[in-house]
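Using only what follows, build the 3D model:
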Amino acid sequence: LSSDVKLGWTLDHKDQNFMSILKHTEFQPTVSCPLTLTPSETVVTFGDPVSVSCSTSATDVEGMGWEAPFGGTGFEPPPVVTWRVEKLEEWTPSPFCYATLVDGSQCTVSPVITVYKIPDTVSIYPMNQSQMMEKHVHYNKHTRTQYWLQCDSINVAPVQFLTVNWYKNNESIMAMSFNDTTTKTPVNESSILKVNISREENVAEFRCEAELDFGPHGPKLYVVNILSVYTQNYYFLDLSTCNLHKQCQNQCSDATCNCSNKYQPLIGLSLQTLRS
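Residues are numbered from 1 along each chain as shown. I've put the predicted structure just below:
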């Protein structure tokens, strides 16, 4: 097989016979195949180089090689053959190393390759306030206003390893994972957080963290965006019972003036994007 073999390759008569053997041979289970992959699992950034070595110490291996759309090798003598791609641009690479034993039997082993991409952007913002803000609610005589914040992770893959973590003033308040194990290409995902902002909070900082965690065989990567919510109390005049054209403060000096103390949180964005 050619070292740069692709899906539409052309084979000579000898290679066609060999491929016919590969297709019609019942491969031995992987547990009994005398091949070792190094590494057996790897995590690669889309577009980066990757290589996996296949080796054997068995004395009954006649030959071995890699079969893959890109980076495949020919049928080579043992003990080592390497699959190598200088720029991996496949989201679901599926190379396998095969061995032909002296008795004519064959077996294969396949590495686990995860191709990833961190989000282009992670954006956090308040959703449409006119639609999403609820009425003032009262908890233990403390006025709170409920809002929805949205965090968007744009162009990230694979989504099955993505977790969106929410923090309020450095305290973890919610984590959202995505269980789609079939989609390997980049997607856009959103997480929505319902928050209560009390009138006593002058500033509340919300942090959205998009985390890619590949476990012990890969890195832990994250992109963070921070939203600061500024709250301020306003006092305004109820003109239905008062015709005064002056701003009403904490108390009205005119008995006919009906002042209302209303809580109105203002949303202020302070964007800080961090990558690791």
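
can you tell me the average pLDDT over stretch 119-139?
For stretch 119-139, mean pLDDT is 64.

Renumber starting at 25 from here on
Got it, the first residue is 25 from now on, which makes the last one we talked about stretch 143-163.

Quick check: buried residues in stretch 109-120?
By neighbour count with 16 or more other Cβ atoms under 10 Å, stretch 109-120 contains the buried residues 109, 112, 114-115, 117, 119-120. Using the backbone N, CA and C atoms, a C-beta is placed for each residue, glycine as well.

Just give me the closest of these to Y149.
W115 (29.3 Å; Cβ to Cβ).

how about that closest one, secondary structure?
With DSSP: H, G, I helix; E, B strand; the rest coil as the basis, the three-state label of W115 is coil.

what's the nearest residue to it if we skip its chain neighbours?
In this structure, W115 finds its nearest non-sequential neighbour in K208, 4.5 Å apart by Cβ to Cβ, 6 or more residues apart in numbering.

Does the one you found belong to a helix, a strand or coil?
With three-state DSSP as the basis, K208 sits in coil.

Can you give me the neighbour number for it?
For K208, the count of nearby residues is 17 (other Cβ atoms under 10 Å).

Same check on the one 5 residues further on?
Counted with other Cβ under 10 Å, residues neighbouring E213 total 18.

What of I250?
With other Cβ under 10 Å as criterion, I250 counts 17.

and it, that one's in a strand?
Yes. Checked against three-state DSSP, I250 lies within a strand.

domains for this protein, by residue range?
Using automatic domain parsing, the domains assigned to the chain come out as 37-139, 145-299.

For the chain, which segments are assigned as helices?
Remark: helices assigned in the chain by DSSP state H are 37-48, 153-156.

Of the buried residues of stretch 109-120, which is the nearest to T187?
W115 (20.0 Å).

Please report the distance of the closest one from T205.
Taking Cβ to Cβ, to the nearest Å as the measure, W115 falls 14 Å from T205.

same thing with L125?
From L125 over to T205 (counting by Cβ to Cβ), the distance is 35 Å.

between those two, who's got more neighbours?
Per other Cβ under 10 Å, whichever of L125 and T205 has more neighbours is L125, with 18 against 10.

So what's the residue count around the nearest residue in space to the more buried one that is not next to it in sequence?
Residue nearest to L125 in three dimensions, not counting chain neighbours: D84, with 5.1 Å by Cβ to Cβ, 6+ apart. For D84, the neighbour count with other Cβ under 10 Å is 12.

State whether D84 and G128 are indeed in contact, as I suppose.
No. Taking Cβ atoms under 8 Å as the definition, D84 is not a contact partner of G128, at 10.8 Å.

re the thing from before, which one of the domains of the chain has the poorest average confidence?
domain 145-299 (a mean of 70).

on that earlier part again, need the buried residues of stretch 109-120 in CSV (columns: distance to L173).
Formatted as CSV, the buried residues of stretch 109-120 follow (distance: Cβ to Cβ, whole Å):
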residue, distance to L173
V109, 41
L112, 36
E114, 36
W115, 31
P117, 37
P119, 43
F120, 46
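
Most widely separated two among these?
The widest separation within those (Cβ to Cβ) is 17.4 Å, between W115 and F120.

Quick check: closest non-adjacent residue to S79.
Here the residue nearest S79, using Cβ to Cβ, 6+ apart, is V104, at 4.5 Å.

can you pull the contacts of that neighbour?
77-79 (Cβ atoms under 8 Å, 6 or more residues apart in numbering).

Among these, which lie within strands?
77-79 (DSSP state E).

For these, pick the one with the most neighbours.
For the ones in strands among the contacts of V104, neighbours tallied by other Cβ under 10 Å; top is C78, 27 neighbours.

so where do the strands sit in the stretch 175-300 of the chain?
186-192, 195-201, 211-222, 227-237, 244-261, 283-291, 298-299 (DSSP state E, counting those that start in this stretch).

My error: substitute the stretch 25-174 of the chain in the last question.
Counting by DSSP E, counting those that start in this stretch, the strands of the stretch 25-174 of the chain are 60-62, 65-69, 74-79, 85-91, 104-109, 120-125, 130-133, 136-140, 145-150, 161-163, 166-180.

Would you mind measuring from the residue nearest to F94 when sequence neighbours are not counted to V67?
Closest residue in space to F94, ignoring its immediate chain neighbours: V109 at 5.4 Å, by Cβ to Cβ, 6+ apart. Here the criterion is Cβ to Cβ. By it, V109 lies 15 Å from V67.
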